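[1] structure of the sequence below:
(one chain, ligands or ions: 2)
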Amino acid sequence: MFCYRCGKEAPLVGGLCRECYAKEHSLFSMAERYAVVACKTCDSFQLEEWMSFEHVEDIVERLMQKEAGKLKLVFMEDFDEPRHEYVQVLYALTYYEEGYWGVQARFLGFDDPFSSIPILEPHDFELHFKFTVCPSCSKKYGGYYEAVLQIRRDGRFLTKEEKDSFLAEVTSLSEEETRQFNMGFITQVRIRKEGIDFQMGSLKVTKKIARALQSRYGGTVSESYRLCGFDRQAGKERYRTTVVLRLSSYEEGRFVFFEERLWKVAGATDKLILRSFAEERVLDFKKVEKEQAATSLSLVDEACLTPGMIASLDDDYAEVLMMDTYETIPLSRACVPEGAQQGDAVRLYERDGIRYIVSP
Ligand SMILES: [Zn+2]
Ligand SMILES: [Zn+2]
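    Ligands and ions are numbered 1, 2, ... in the order given. Presented below is the predicted three-dimensional model:
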């Protein structure tokens, strides 16, 4: 059999010898010149949609993969045996003083999954950058925001230290998000008397950050919506969402009254941990809300606690020496927590004529 292209006598594939098959068939085609639209204020470029990049190589590789379509490209240091599973790519980048990049690329693979003839194909092309402001940067610098993240605490205002630490933490979480998703930015921060507010470019990121903070510091996350205008482009009403992270008033170190006992809060992150000497109770925050509503759980103001020391303790009798008055007062044995011993420092609390003690 003779090749219809070169006339050589050889085993043929579709009427062509191996050499002619490799010449006639192509892996995919590429243009000689590409205009790449990139943002002049952030590292993102447009290839159908806007995406971020770190190096020019990221753009070159995405562009080649887009042109290769379904063929999977693998970028190599050196060519390996040709594979049917993917096309191997070697390329070099050159920057020209005229202000564009030249790419010299070679591809090695098969144009057809059943073909046994590897194709080595060069594609040289140029990348010309065109700079503009990407949609997310124009929104960011235009003061656009989609959601507000508010951080508050039940029962009191946030301290300056708390506000500073949330400012640093939310800023770094937002920067982390912006690396993958360019709407993750903060447009504005408002320090308020009661807490701190962040205007954010994306509702999705706002919720994600609120959940991340909640898993670290506990509290509840709630959302509310407010109509803020009409989006002509989308032809629908626009809502702005406020996501509130409300931290619990049950902070570590505070004292609470629960189950006819006085406790010190030992932890309040994902669960409320109450301790007094050897005793411990662990409540999830749903339970906390329920108990609080039923008034069986309540905070005790530290000013109502007086320091003392267990002066004597036996099976049916207990006495506390008050540190402020040096007076010794009796205590119901049932009100002494397990693990408490004579000589231990305590805080004493009186409620409805009954005295309770807790580890300080
Ligand atoms: Zn031939
Ligand atoms: Zn941008």
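[2] residues touching the residue in the stretch 201-350 of the chain positioned nearest to ligand 2, list them.
    Using C-beta to the ion, the single residue of the stretch 201-350 of the chain nearest to ligand 2 is residue 201, 11.4 Å away. In this view, the C-beta of every residue, glycine as well, is placed from N, C-alpha and C. Applying C-beta atoms under 8 Å, 6 or more residues apart in numbering, we find residue 201 in contact with 136, 139, 140, 144, 145, 146, 183, 184, 185, 186, 187.
[3] at 6 Å what do you get?
    Going by C-beta atoms under 6 Å, 6 or more residues apart in numbering, residue 201 touches 183, 185.
[4] verify the contact between residue 137 and residue 42 for me.
    Yes - look at residue 137 against residue 42 with C-beta atoms under 6 Å: they come within range, at 5.5 Å.
[5] what's the neighbour count on the residue nearest to residue 351 when sequence neighbours are not counted?
    Among residues not flanking residue 351 along the chain, residue 257 sits closest, at 6.9 Å (C-beta to C-beta, 6 or more residues apart in numbering). Residue 257 is flanked by 18 other residues according to other C-beta atoms under 10 Å.
[6] how near is residue 257 to residue 296?
    9 Å (C-beta to C-beta, to the nearest Å).
[7] repeat that for residue 105.
    On the measure of C-beta to C-beta, residue 105 and residue 296 end up 72 Å apart.
[8] which of the two has more neighbours?
    Neighbour count, other C-beta under 10 Å: between residue 105 and residue 296, residue 105 has more, with 20 against 12.
[9] what does the strand or helix carrying that one contact?
    Per DSSP states H and E: residue 105 is located in strand 100-109. If you take C-beta under 6 Å, 6+ apart as the criterion, strand 100-109 is touched by 27, 60, 79, 82, 87-95, 120-128.
[10] could you list the buried residues of the lengthiest helix in the chain?
    When the chain is parsed with DSSP state H, its longest helix is helix 160-180. Judged by neighbour count (16 or more other C-beta atoms under 10 Å), helix 160-180 contains these buried residues: 162, 163, 166, 167, 169, 170, 173, 174, 177, 178.
[11] of those residues, which is the nearest to ligand 1?
    Nearest to ligand 1 among the buried residues of helix 160-180, counting by C-beta to the ion, is residue 178 at 55.2 Å.
[12] burial count for the closest residue to the closest one other than its chain neighbours?
    Excluding the flanking residues, the one nearest residue 178 by C-beta to C-beta, 6+ apart is residue 184, at 4.1 Å. Neighbour count for residue 184, taken as other C-beta under 10 Å: 22.
[13] check the gap between residue 184 and ligand 1 for me.
    Separation of residue 184 from ligand 1 (C-beta to the ion, to the nearest Å): 56 Å.
[14] and which of the buried residues of helix 160-180 is nearest ligand 2?
    Within these, proximity to ligand 2 (C-beta to the ion) peaks at residue 178, which comes in at 10.1 Å.
[15] report pLDDT for that closest one.
    If you check residue 178, the pLDDT there is 86.
[16] cool, the one 5 residues further on as well?
    Turning to residue 183, the model gives it a pLDDT of 85.
[17] low-confidence regions, the stretch 151-300 of the chain specifically.
    For the stretch 151-300 of the chain, no stretch is flagged by pLDDT under 70.
[18] which residues of it lie near ligand 2?
    Residues of the stretch 151-300 of the chain found near ligand 2 (C-beta under 5 Å from the ion): none.
[19] so residue 246 sits right up against residue 221, yeah?
    No - at 7.7 Å, residue 246 does not count as touching residue 221 under the criterion of C-beta under 6 Å.
[20] those two: who's more crowded?
    It is residue 246, of residue 246 and residue 221, that has more neighbours when counted by other C-beta under 10 Å, with 17 against 14.
[21] that one pairs with what?
    Here residue 246 sits in beta bridges with residue 152, residue 220, going by DSSP bridges.
[22] show me what contacts it?
    Shown in contact with residue 246 (C-beta under 6 Å, 6+ apart): 152, 154, 219, 220.
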